[in-house]
Every structure is written in C-alpha cells, then in structure tokens.
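# Could you work out the structure for the sequence below:
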Amino acid sequence: MTLRSDTAIGIFDSGVGGLSVLKHIHASLPQEKLIYFADSGYAPYGEKTETAITERCLRITDYLLEQHIKALVVACNTATAAAIKVLRQKFPALIIIGMEPGLKPAVNVSRSRVVGVLATQRTLASEKFRLLENQLSLASGVQFVGQACTGLVNQIEQGELRSAETMALLRRYLTPLLAANADTIVLGCTHYPFVRPQIEEILSTLTQNQQPLPIIDTGFAVAKHLQDRLIEDGLLSDTATDAHQLQAYTTGSIDSLTFAFEHLLKMDIANIKINLLKNDH
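Numbers count the residues shown, from 1 in each chain. So this is what the prediction gives:
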C-alpha cells in the first residue's frame with residue numbers, strides 16, 4: 001500500500017458522533033481532504049457484539065481505502081475498543097488513530113480522586129478499557145466510576161439534544177457519579193460532546209452551582225495526534241483547499257447527516273457532498 005500526501009483522511013463512526021472529532025481535525029488541518037462515514041444504518045454500536053462491530057469496521061475501512069485515504073480515524077470509542085487491534089493488524093501501512101476515553105488527563109485534574117466516566121456499555125466492558133482503568137488506578141489511586149448511558153446515542157442521532165427524555169437520561173446517569181463523589185467527568189463516547197452544554201447545566205443544578213466540574217473531551221488530542229503522525233510520515237498535505245474538500249457517506253439518512261452538519265457543526269452544507277450508501281457497504 002503506497003500512501004500519498006494529496007489523498008484524504010477517512011473518519012468514521014456509528015453515526016453523527018464522530019463529527020465532534022471531525023470538527024477538531026478540520027480546525028487543526030484545514031488543508032486536508034476529509035471523508036466522513038456515518039454508519040447510521042447500523043447504529044448504535046454500543047448494543048452490538050464485538051464481532052459484529054469488528055466486521056463493520058473492516059468493511060468500512062475497505063470502502064474508505066477504495067476512496068484513496070492516507071489515514072483512518074476511528075472516531076468512535078466503542079469501535080476503537082472492539083476493533084482497533086484487528087484494523088492495525090490487517091492494514092499495517094495505514095495510519096490508524098483511535099479514540100481513548102480521557103482517563104489519563106482526568107487523573108491529573110481530579111482532586112477527590114474519583115472520576116466519573118460516561119460511555120456505552122460495550123466500551124466499559126471492553127478489555128482495552130478495563131486494562132487502562134486498572135493500570136491508571138494502580139498507578140494513581142484514582143477510582144473510576146463507569147456509567148453506561150443506554151439510549152443516549154439514539155437521542156443524539158435523532159437530534160433530540162434538549163428534549164425532556166434526553167435531559168431525564170442525563171440526570172439519571174450523572175446523579176450516581178456525583179453520589180460516588182466524582183469531581184471530574186469523562187465523555188467516553190464521541191456523541192456526548194454534542195450534549196455537553198446540557199451536561200454542564202444539569203451538573204450545575206445537582207451541585208447547587210458550586211465550582212463547575214471539569215469535563216474531559218479527547219477530540220482535540222486525537223486531532224493533534226493525527227497531525228503529528230502525518231508530519232512524522234511525511235504525509236501532511238501542502239495543497240491549498242478547494243470548495244469540496246469534505247465528503248460524507250452515510251448508511252442511514254442523508255437528511256439526518258445534513259442536519260448534523262448544519263446544526264451540530266454549524267457548517268455550510270453547500271460545501272459538503274453527502275452520499276447515501278446501501279447497507280451492504
């Protein structure tokens with residue numbers, strides 16, 4: 001596999017959540033061509049088996065390679081936990097960047113030595129997460145309290161960011177973290193930054209407007225890591241951008257992805273080409 005600096009960066013997620021990572025990549029690397037793949041037809045990944053998730057990740061990577069990519073960002077914590085090792089084994093020449101819940105930065109921030117982690121059930125149960133959690137707990141003495149947020153991804157996929165049901169879910173999932181004395185919250189799913197304002201609002205209410213709790217989102221760190229790898233491998237683009245540097249594919253609804261670009265990222269959809277794929281991709 002020969003990689004070229006003038007080809008694209010592929011970014012994929014089970015739906016619109018990975019757009020929170022794309023936002024940081026687009027801001028950090030404005031000269032790069034980006035291809036976003038929203039696998040909304042198979043969402044949510046967090047409720048599927050590790051085998052099923054890995055199969056989807058392999059198929060999506062094959063498809064993105066056909067579109068000529070030089071790097072792949074697995075912009076999904078659940079997919080990273082399930083499939084990143086297999087992807088790196090099968091595509092050793094490709095730059096592959098995964099997501100990692102921000103447990104390390106949370107250790108440096110927490111004063112109570114208790115960190116709450118909002119994530120999918122699949123992420124929390126993964127071997128990758130448990131190994132990292134155990135390693136950091138032993139080294140730092142910090143206790144990590146995981147909270148599976150069943151149903152939250154679906155609400156965000158539907159654009160229900162501030163509905164009564166979404167707010168009720170957030171309150172239900174945040175309350176036990178505060179009861180456990182967590183003073184730092186990790187967003188362990190790329191969908192969750194899109195409801196960060198609502199999380200901050202509920203935390204403020206539950207803590208009776210005390211000092212705001214730190215919230216850890218690793219999207220910027222992923223963009224920086226990607227930039228470093230492109231520089232290291234001599235693959236950073238030096239070509240000026242044009243009006244259609246961003247393309248998107250979805251196995252779900254074009255309208256839903258269009259809404260996400262316009263309302264979640266505040267991007268001009270006229271400069272984005274969105275394509276609908278059949279679910280056999």
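# Residue 223 and residue 32 touch, don't they?
No - using CB atoms under 8 Å, residue 223 is not in contact with residue 32; the gap is 10.5 Å. Every residue, glycine included, has its C-beta placed from N, CA and C.
# Comparing these two, which shows the higher neighbour count?
Of the pair residue 223 and residue 32, residue 32 is the one with more neighbours under other CB atoms under 10 Å, namely 25 against 21.
# I figured that one hits residue 7, correct?
No - counting by CB under 8 Å, residue 32 does not reach residue 7; the two are 9.6 Å apart.
# hmm, who's touching stretch 126-145?
For stretch 126-145, the external contacting residues (CB atoms under 8 Å, 6 or more residues apart in numbering) are 50, 78, 80-82, 84-85, 100-101, 103-104, 106-107, 110, 113-117, 119, 123, 146, 176-177, 180, 182.
# And the average pLDDT for it is what?
Stretch 126-145 carries an average pLDDT of 96.
# Spatially central residue for this structure, please.
Nearest to the mean C-alpha position of the chain, counting by CA atoms, centre = their mean, stands residue 190 at 2.8 Å.
# and it, what element?
Under the criterion DSSP states H and E, no helix or strand holds residue 190.
# mind listing what it touches?
Counting by CB under 8 Å, 6+ apart, residue 190 touches 13, 17, 18, 20, 21, 75, 76, 77, 99, 219.
# Number of residues surrounding residue 231?
Neighbours of residue 231 (other CB under 10 Å): 10.
# Quickly note the distance from the residue sitting furthest away from the middle of the chain to residue 114.
Relative to the C-alpha centroid of the chain, counting by CA atoms, centre = their mean, residue 208 is the outermost residue, at 30.0 Å. From residue 208 across to residue 114, the span is 18 Å (CB to CB, to the nearest Å).
# picking up where we left off before, top of the contacts of residue 190 by number of neighbours, please.
Of the contacts of residue 190, with other CB under 10 Å as the count, residue 76 tops at 33 neighbours.
# show me where the protein has helices.
For the chain, the helices defined by DSSP state H occupy 19-28, 50-66, 77-90, 103-109, 121-125, 127-140, 152-157, 164-179, 196-206, 219-232, 254-259.
# okay, now residue 66: neighbour count?
Residues near residue 66, counting by other CB under 10 Å: 9.
# before we move on, the earlier item: shared neighbours of residue 223 and residue 32, which are they?
What both residue 223 and residue 32 touch, as defined by CB under 8 Å, 6+ apart, is the set residue 25.
# my guess is residue 146 contacts residue 117, does it?
Yes - contact criterion CB under 8 Å: residue 146 and residue 117 qualify, at 4.8 Å.
# can you list the domain ranges for this structure.
8-99+219-276, 103-216 (automatic domain parsing).
# Same list, these, but as CSV with distance to residue 2 please.
Listed next are the domains of the chain as CSV, based on distance: least, CB to CB, whole Å:
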stretch, distance to residue 2
domain 8-99+219-276, 8
domain 103-216, 30
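# among those, which is nearest residue 1?
domain 8-99+219-276 (4.2 Å; CB to CB).
# Who does residue 246 form a beta bridge with?
Judged by DSSP bridges, the bridge partners of residue 246 are residue 34, residue 272.
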